[in-house]
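J.: sequence and predicted structure, then a few things I'm wondering about:
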Amino acid sequence: MTHANDDKKTEQKHLDWILQLIQDREKYLKHAIAAAEGEARNLNSHFFDNVKLDYDGYSTSMETALSIHQQQQMLSEREHAWQHSAKQLDTIERLKTRPYFARVDFTESGSEPETIYIGLGSFADENDHFLIYDWRAPISSIYYDGKLGKVSYHAPDGDVTVNMTKKRQFVIEDGKIVDMFDTNESIGDQMLLRALSEKSSTQMKSIVTTIQQEQNKIIRNTSADLLFVQGAAGSGKTSAILQRIAYLLYRYRGNLTSGDVLMFSPNMLFNDYIKSVLPEMGEQNVVQLTYWQYVSRRLPHMRTETLFDQFEHGQKDTAVHRFKTSTAFFNLLERYARHLNKRGIAVKDIKFKHSTKPYFSKDEIRELYYSFNSNYSLANRIEATREELVTRLNHKVNSEAKKSWVREYIEGLSKDQLTALYDRPDQEFKSEDDEYRFLSKRVVMQQLAEVNRRINSNQFLNMQLQYLRFLRAIPKMTKLADWQISEDEWLAEVDRVKANFLQKYIAMDDATPYLYLWDLVTGRQMDYNMRYIFIDEIQDYTPLEIAYLKAAFPHARFTLLGDLNQAIFTKDDSRTLLKQISTLFAHDKVEVVQLTRSYRSTKQITNYTKQILRTGEKIEAFNRDGEKPVEWQCDQPETALKALTKVLARNQQKHYTTAIITKNLAQAEQVYADLQQEGQAASLIKTANQRLVDGNLVLPSYLAKGLEFDAVVMWGADQQNYHALDETQLVYTITSRAMAQLDVIYTGQRSPLLPTDTATFEENHENSH
Ligand SMILES: Nc1ncnc2c1ncn2[C@@H]1O[C@H](COP(=O)(O)OP(=O)(O)OP(=O)(O)O)[C@@H](O)[C@H]1O
């Protein structure tokens, strides 16, 4: 004991020393920044005093230029120094409250023993001797990775093996060491338990201090082109990718910025939930999009099927759906596009409002399109077509100017409109005829600008017809029977898509192939700059969508995270997803990591939820104790509501945020209205654009993706509501959102999808009498 106390004293002394150094540095930097700012202001105001403004001869103006250049250089050096100091200050501010969270002692063979401290940023003394190492530094890896004894880490010039002799974790609050543990585990359970027992909040937290060994592998992986992470609910997939982004930004700093990283997330609520994690680690947020946003903003003239439509209006796990979302369909699309090089392009007339006939008829355009050399690519072909159309358009200006509509048009102009046509108010002409010729040409150019714009934005392509033609060509291109699809079924599908187009509507299954066909025909520029793409909740994407993203970002490395147990759309075929996706990448560049430990929920909740998955990926509970889940069997809707009120009151006492999760929006609205009648405060989350708030929440299942709450009530867990076996994953997603408390409420018959082992839950019968 005394030994431990001595240890703690020594550590506190070390901490005091570091804190003092940090304070000194803070003062120094603040001073330096103020000085640099002052100097820059000075330089700016005296800028021209020092520059010789002498424009006489060549040599002197050269001198002037040099002088300006020197001044500018000085300014930019100052600015650089200023930025550098500002950045350092930023790190210092972060380290001020909690400079480090761990210490590691080790010896490298042939060297003296070393002790290092690890924190959220690095801190060095004047001699560049590191007093605190950034958690992302190569050496810091041993803290997360190994037990005491021999451990290796990747250094820039190769792997290094050291002998680790101590691993110590600190809990520091307000400059005081509140607690410290020596541990031999990767990261001691004590520290993790402490982190996990904290209450949930509307904002996700970073897990820097307690990253687990297998999570560390994901975070520091730099070799894979496709890193696929399969992880149970709550196993820290989302946490790990955010850490990974921070790691990559550090590892490739100067070379990689947050603008080179794009993250696809399940919904906007989730974006809001995770938005403070990266800034907390001193990094800028990356762009986050939902796939729907990515697709629909490129289809501005159509309504793209939303998450709500997809979920609320029937799920579609049909043979046609499986086929249309496969990579095979993607390949067919490419094959079809190649064939367009010879024939079959779908075009439409280009009209001009002052002409009754098409200005450029589709026949003319098609002929032009195929007049170019047969070895042209589709992209070259369309570009050449555009150029030629614009040339032809320019040739039409003179003849158009002679037409009668032009005279009528000019005569109809107001005085102001007419004046605006001239270059200058006092513009002079040789004759009236000259003046008219000038004006009529002006008018024609103005009116034709719209035609020009349409040509340049490829509006002579009839993309909807093209897509339908592709669909109609399918039976000739592949054996539909191999996909268990009959010819009639297929024709019905084509009609459905056509009817949608007429309504200016496009289903999610068509949106991506439609866009890809558009890209192939028009040779849209791919985004070669994007370096890293992260996709969370990958099980809700189709293989074709992933193939499309791969094509759209040809130079990016992909990190895909998902839980095949939680597929809410793709359902049972989710397991083939990985197989289909991995064929898109070089075999030796695909790495798969499994996370099996679930950190979110107590042992009792994890043991309950994992039973819901009768088969499936492996899940281990983390050893955190809590209450057993409670199932409330009620005989009437009123008693169910009573049970809910009871649960809410109990949870409020524990200061828990409770999420009441329903199957769909209608049920959420109903229970919300019921609660209001009871005078029970709650917030209804209807769309992903809302914010999460503390207190009681009511939300439909599909908006709960990726989120977590202290307490969850699964509402309406009766047989009628949840019976189809393919809803298992939905039930699992709902119940696995709970961290500390789970209640399942139903009226009448219990859903057969709930666990059968009664030992994992408490039963509660609520009767109206
Ligand atoms: N190493 C860790 N240290 C501390 N907390 C952790 C760790 N790993 C995960 N957690 C916590 O576990 C919870 C679940 O993590 P996260 O949301 O990242 O899981 P997920 O795999 O994305 O879950 P899901 O697929 O169910 O959405 C979070 O509260 C997170 O902070």
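T.: Noted; the coordinates are in hand.
J.: contacts, neighbours, all on C-alpha from now
T.: Will do.
J.: show me the longest strand that occurs in this structure.
T.: Under DSSP state E, the strand in the chain containing the largest number of residues is strand 158-173.
J.: then that one to CSV, C-alphas only?
T.: Provided in CSV are the C-alpha atoms of strand 158-173 (Å, rounded to 0.1, in the frame of the first residue of the first chain):
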residue,chain,number,x,y,z
GLY,A,158,10.6,-0.9,-40.3
ASP,A,159,9.3,-2.9,-37.4
VAL,A,160,10.9,-2.4,-33.9
THR,A,161,10.7,-4.9,-31.1
VAL,A,162,11.0,-3.7,-27.5
ASN,A,163,10.7,-5.3,-24.1
MET,A,164,7.8,-3.6,-22.3
THR,A,165,8.1,-3.6,-18.5
LYS,A,166,5.3,-1.4,-17.3
LYS,A,167,1.9,-0.2,-18.5
ARG,A,168,0.2,2.4,-16.3
GLN,A,169,-3.1,4.2,-16.8
PHE,A,170,-4.2,7.4,-15.2
VAL,A,171,-7.4,9.0,-14.4
ILE,A,172,-6.6,12.7,-14.1
GLU,A,173,-9.0,15.4,-13.1
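J.: quick one: strands adjacent to the following helix or strand past that strand?
T.: The helix or strand immediately downstream of strand 158-173 is strand 176-182, counting by DSSP states H and E. Paired with strand 176-182 in the same sheet, following DSSP bridges, are strand 158-173 (antiparallel).
J.: neighbouring contacts of the strand it pairs with?
T.: 97-98, 100-109, 143, 147-154, 177-184, 191 (Cα atoms under 8 Å, 6 or more residues apart in numbering).
J.: same check, this time on stretch 146-154
T.: By Cα under 8 Å, 6+ apart, stretch 146-154 touches 138-139, 141-142, 145, 159-167, 184-186, 213.
J.: 6 Å instead?
T.: For stretch 146-154, contacts defined as Cα atoms under 6 Å, 6 or more residues apart in numbering pick out 159, 160, 161, 162, 163, 164, 165, 184, 185, 186.
J.: from the residues you listed, pick the one nearest the ligand.
T.: residue 186 (10.6 Å; Cα to the nearest ligand atom).
J.: just the pLDDT for that closest one.
T.: Here, the pLDDT recorded for residue 186 equals 51.
J.: measure the residue of the stretch 301-450 of the chain found nearest the ligand to residue 543 for me?
T.: Distances between the stretch 301-450 of the chain and the ligand by Cα to the nearest ligand atom are smallest at residue 307, namely 17.3 Å. Between residue 307 and residue 543 the computed distance is 18 Å (Cα to Cα, to the nearest Å).
J.: so the two - more neighbours on which side?
T.: Just comparing residue 307 and residue 543: by other Cα atoms under 10 Å the higher neighbour count belongs to residue 543, 27 against 17.
J.: OK, contacts around that one?
T.: Contacts for residue 543 (Cα under 6 Å, 6+ apart) come out as 326, 327, 577, 581.
J.: that one and residue 666, how far apart?
T.: Residue 543 is 31 Å from residue 666, where distance means Cα to Cα.
J.: again with residue 144
T.: 46 Å.
J.: go on, residue 748?
T.: 20 Å.
J.: higher neighbour count, these two?
T.: residue 748 (16 against 13).
J.: that one touches residue 636, doesn't it?
T.: No - Residue 748 is not in contact with residue 636 according to Cα atoms under 6 Å; the separation is 7.1 Å.
J.: related to what we said a few turns ago, for PyMOL, write a command that selects the buried ones of the contacts of strand 158-173.
T.: In PyMOL, this line selects whichever of those come out buried by 16 or more other Cα atoms under 10 Å:
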select buried, resi 98+100+101+102+103+104+105+106+107+143+147+148+151+152+153+177+180+183+184+191
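J.: filter the contacts of strand 158-173 down to the ones in helices?
T.: 97, 143, 191 (DSSP state H).
J.: save those residues as CSV, and put in pLDDT and distance to the ligand too.
T.: Compiled in CSV, these are given as follows (pLDDT from 0 to 100; distance: Cα to the nearest ligand atom, whole Å):
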residue, pLDDT, distance to the ligand
97, 83, 20
143, 89, 13
191, 70, 9
